[in-house]
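# One predicted model, sequence on top.
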Amino acid sequence: LVGGDNEDVAYIYSGLAGILCLQKKYSSALDYGKKALNIDLRMYGNSHPSVSNSYRNIAWIYQQRGDFSSALEYSNKAVDVYLRAGYDRVPMLASLYNDIGNTYCYIDDYGSAMDFYNKALAIDKEIWGDTSSNVAGDYRNIALGYRYMQDYPAAMKYNNMATYTYINVYGEHHPDVARCFDVSGLIYLDKKDYMKAIESFTNALNHYETIYDKSHPDLALSYSNIGFCYLHLNNYTQVIEYAKKAYEIYVANNEENSEEAGNACYDISWAYYCLKNYPLAYEYLQKALEIKKMHVGEKDESVQQLMAAIRKVGYCVVTDGSDSDFANYMSDKINVVTLVKDDEPITYKGLKGELYLLEVEDWNFHKKEHISDKIGKLDGKSKRALVMKNGKILELEVDADIEMWFTIKQIDKKEKDKIINLYKEWKQNTSHL
């Protein structure tokens with residue numbers, strides 16, 4: 001065992017800080033990061049590369065936590081270590097300038113970001129010449145900076161320079177070449193040129209497929225990007241196809257609860273919603289909600305927005321209105337609640353029992369009125385309702401106290417058979433019409 005001021009102990013502390021940061025345990029990560037820093041300062045003084053690395057690690061933790069001012073503070077301290085030692089033209093200094101540029105991008109200070117990206121480029125060109133992966137990476141950072149500034153011609157120019165340089169260094173089939181195609185896709189996406197964006201993202205995907213196996217996370221990113229473009233083109237079957245491929249990769253990599261997986265679920269849900277497949281829209285939106293809660297907590301605004309979306313999709317789960325005539329036929333056989341279309345008032349039929357057939361015809365999903373508000377006025381209790389959709393019966397719990405928050409389950413077989421028999425009877429009696 002070793003203790004005290006020892007480089008092995010500092011190394012272990014730094015490793016623990018990195019692991020805890022990945023687990024989003026930022027306070028503990030900072031504790032260990034600063035312990036490593038203090039050991040390095042006592043051992044080496046304030047002009048040694050190990051001290052700079054410790055400052056850089058702490059800056060990274062602050063950035064992951066979203067404390068960008070502290071991230072900038074520690075990144076600048078890391079830079080100062082090299083400048084004090086007289087190392088103003090070393091690769092690590094260029095990397096630090098890129099770190100600072102990235103942090104400025106997070107706070108939308110793109111002018112400052114570009115200043116540091118260009119400082120990094122100048123150092124890397126002086127050290128490596130025009131053809132190196134470091135220079136290509138600088139070009140790509142500058143391209144992204146121009147993209148954020150919405151200067152798309154300049155963004156495309158620097159991204160093409162990055163692509164050309166990477167190909168000269170690595171050949172065509174390399175992840176960094178594929179990532180340049182991703183950047184092109186993002187630029188076209190910002191310009192709302194969705195077909196060219198799809199072309200670029202597909203080029204990236206083709207490159208990834210020659211490099212990685214089919215379950216690599218980079219392929220999931222390409223699938224998600226392509227699906228997102230199709231969402232803008234209202235091609236919902238393609239959205240489902242590509243977003244599901246992305247989601248399956250996240251599941252295969254045990255990342256089914258990642259934010260990226262949640263985004264894929266949301267895209268799938270929206271596509272099913274637009275295709276009026278409301279049960280599947282509801283299912284995937286619930287997945288997206290649970291994932292979002294894990295990352296930001298229940299009180300975050302984005303979680304509240306998803307909960308509101310679930311309530312809206314919930315209206316659609318009940319029925320597509322295809323059996324509204326059946327509701328009228330059953331009105332004296334079973335208690336019926338009829339919800340009518342658009343801005344017409346909600347009407348009721350036979351609201352005395354506890355069993356209802358709930359019908360919705362082209363419900364206006366953005367109305368402020370809620371089904372539960374109406375049913376709740378009867379006696380303030382939750383109601384059991386039947387969902388009728390193309391002869392398939394489900395049970396719906398409508399809570400009078402919560403704005404349309406419910407669960408779906410299969411109903412008791414006897415009750416289901418009763419309704420289906422009535423449905424068949426009605427179909428037979430009306431088949432000649």
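Arrived safely, thanks for sending. Residues are numbered from 1 along each chain as shown.
# Packing partners of the strand or helix carrying Trp270?
Counting by DSSP states H and E, the element that carries Trp270 is helix 259-274. The contact analysis (3 or more C-beta pairs under 8 Å, 6 or more residues apart in numbering; DSSP states H and E) places helix 259-274 against helix 217-232, helix 236-252, helix 278-296, helix 301-317. The C-beta positions use only the backbone N, C-alpha and C, and glycine is treated the same way.
# and Pro175, which of the ones you listed is closest to it?
Of all the helices and strands packed on helix 259-274, helix 217-232 sits nearest to Pro175, with 6.7 Å by C-beta to C-beta.
# Helix 259-274 and that closest one, what's the angle between them?
Counting by axes from the mean of the first three to the mean of the last three C-alpha atoms, to 10 degrees, helix 217-232 lies at 30 degrees to helix 259-274.
# so where does the nearest residue to Ala85 once chain neighbours are set aside fall, helix or strand?
Leaving aside its sequence neighbours, Ala85 sits nearest to Ser47 (C-beta to C-beta, 6 or more residues apart in numbering; 4.4 Å). Per DSSP H and E, Ser47 falls between elements, in no helix or strand.
# how much space between Ser47 and Cys21?
26 Å (C-beta to C-beta, to the nearest Å).
# How about Asp109?
Remark: distance between Asp109 and Cys21 (C-beta to C-beta) = 24 Å.
# okay, these two: which has more neighbours?
Higher neighbour count among Asp109 and Cys21: Cys21, with 23 against 15, using other C-beta atoms under 10 Å.
# Verify the stated contact: that one with Ala59.
No: if you go by C-beta atoms under 8 Å, Cys21 and Ala59 don't touch, sitting 11.3 Å apart.
# and Ile268, what does it touch?
Val239, Ile240, Ala243, Lys244, Tyr247, Leu280, Tyr284 (C-beta atoms under 8 Å, 6 or more residues apart in numbering).
# which phi and psi does His216 have?
With angles defined as degrees, to the nearest 10, His216 sits at phi -80, psi 140.
# Next one, pLDDT for the residue found closest to it once you drop the neighbours it is linked to in the chain please.
Among residues not flanking His216 along the chain, Tyr208 sits closest, at 6.7 Å (C-beta to C-beta, 6+ apart). As predicted, Tyr208 sits at a pLDDT of 95.
# In contact with Tyr208, which residues?
Contacts of Tyr208 (C-beta under 8 Å, 6+ apart): Pro175, Ala178, His216, Asp218, Leu219, Ser222.
# Give me the secondary structure label for it.
Classification of Tyr208 by DSSP: H, G, I helix; E, B strand; the rest coil places it in helix.
# if I look at it, how far off is Leu96?
Going from Tyr208 to Leu96 by C-beta to C-beta gives 29 Å.
# Tell me if I'm right that Asn76 and Thr103 touch.
No: counting by C-beta under 8 Å, Asn76 does not reach Thr103; the two are 10.1 Å apart.
# Comparing the two, which shows the higher neighbour count?
Ranked by neighbour count (other C-beta under 10 Å), Asn76 and Thr103 place Thr103 first, with 23 against 13.
# Which helix or strand lies directly C-terminal to the helix or strand harbouring that one?
In this structure, Thr103 sits in helix 91-106 according to DSSP H and E. Next helix or strand after helix 91-106 toward the C-terminus (DSSP H and E): helix 110-128.
# Quick one: mean pLDDT over that next one.
96.
# What of stretch 71-79?
Mean per-residue pLDDT for stretch 71-79: 96.
# Mind listing what's buried along it?
For stretch 71-79, burial by neighbour count (16 or more other C-beta atoms under 10 Å) applies to Ala71, Leu72, Tyr74, Ser75, Lys77, Ala78, Val79.
# Flag the shaky bits of the stretch 251-400 of the chain, pLDDT-wise.
In the predicted model, the stretch 251-400 of the chain carries pLDDT under 70 at residues 308-400.
# Can you tell me which of the contacts of Ile268 has the most neighbours?
Within the contacts of Ile268, neighbour counts (other C-beta under 10 Å) peak at Ala243, which reaches 28 neighbours.
# So that one sits against Trp270, correct?
No: applying C-beta under 8 Å as the test, Ala243 and Trp270 come out as separate, 9.3 Å apart.
# separation between Tyr11 and Phe116?
28 Å.
# Show me which of these two is the more surrounded one.
Phe116 (24 against 14).
# Name the nearest residue to the more buried one, ignoring sequence neighbours.
Gly101 (3.8 Å).
# And the one you found, how far from Lys119?
Gly101 is 8 Å from Lys119, by C-beta to C-beta.
# Which residue of these two possesses the greater neighbour count?
Higher neighbour count among Gly101 and Lys119: Gly101, with 26 against 19, using other C-beta under 10 Å.
# In contact with the more buried one: list those residues for me.
Counting by C-beta under 8 Å, 6+ apart, Gly101 touches Ser112, Ala113, Met114, Asp115, Phe116, Tyr117, Ala120, Asn141, Gly145.
# Count the residues that sit near the closest residue to the first one other than its chain neighbours.
For Ser112, ignoring the flanking residues on the chain, the nearest one in space by C-beta to C-beta, 6+ apart is Tyr104 at 4.4 Å. Neighbours of Tyr104 under the rule other C-beta under 10 Å: 22.
# Can you tell me how far Tyr104 is from Ala154?
According to C-beta to C-beta, Tyr104 stands 17 Å off from Ala154.
# Please apply the same query to Ser302.
Look at Ser302 and Ala154: by C-beta to C-beta, they are 32 Å apart.
# do the same with Ile291
The gap separating Ile291 from Ala154 is 36 Å, by C-beta to C-beta.
# do Asn203 as well
According to C-beta to C-beta, Asn203 and Ala154 sit 21 Å apart.
# Which of the two has more residues huddled nearby?
Remark: of Asn203 and Ala154, Asn203 carries more neighbours, 18 against 15, as counted by other C-beta under 10 Å.
# Pretty sure that one sits against Phe181.
Yes: counting by C-beta under 8 Å, Phe181 is a contact partner of Asn203 at 4.3 Å.
# then stretch 175-189 to CSV, C-alphas only?
The C-alpha trace of stretch 175-189 is given here as CSV (Å, rounded to 0.1, in the frame of the first residue of the first chain):
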residue,chain,number,x,y,z
PRO,A,175,-14.7,7.0,-38.3
ASP,A,176,-13.5,10.6,-38.5
VAL,A,177,-14.3,10.7,-42.2
ALA,A,178,-17.8,9.4,-41.4
ARG,A,179,-18.2,12.0,-38.7
CYS,A,180,-17.5,14.7,-41.3
PHE,A,181,-20.4,13.4,-43.3
ASP,A,182,-22.5,13.7,-40.1
VAL,A,183,-21.5,17.3,-39.8
SER,A,184,-22.5,17.9,-43.5
GLY,A,185,-25.9,16.3,-42.7
LEU,A,186,-26.3,18.6,-39.7
ILE,A,187,-25.6,21.7,-41.8
TYR,A,188,-28.1,20.6,-44.4
LEU,A,189,-30.6,19.9,-41.6
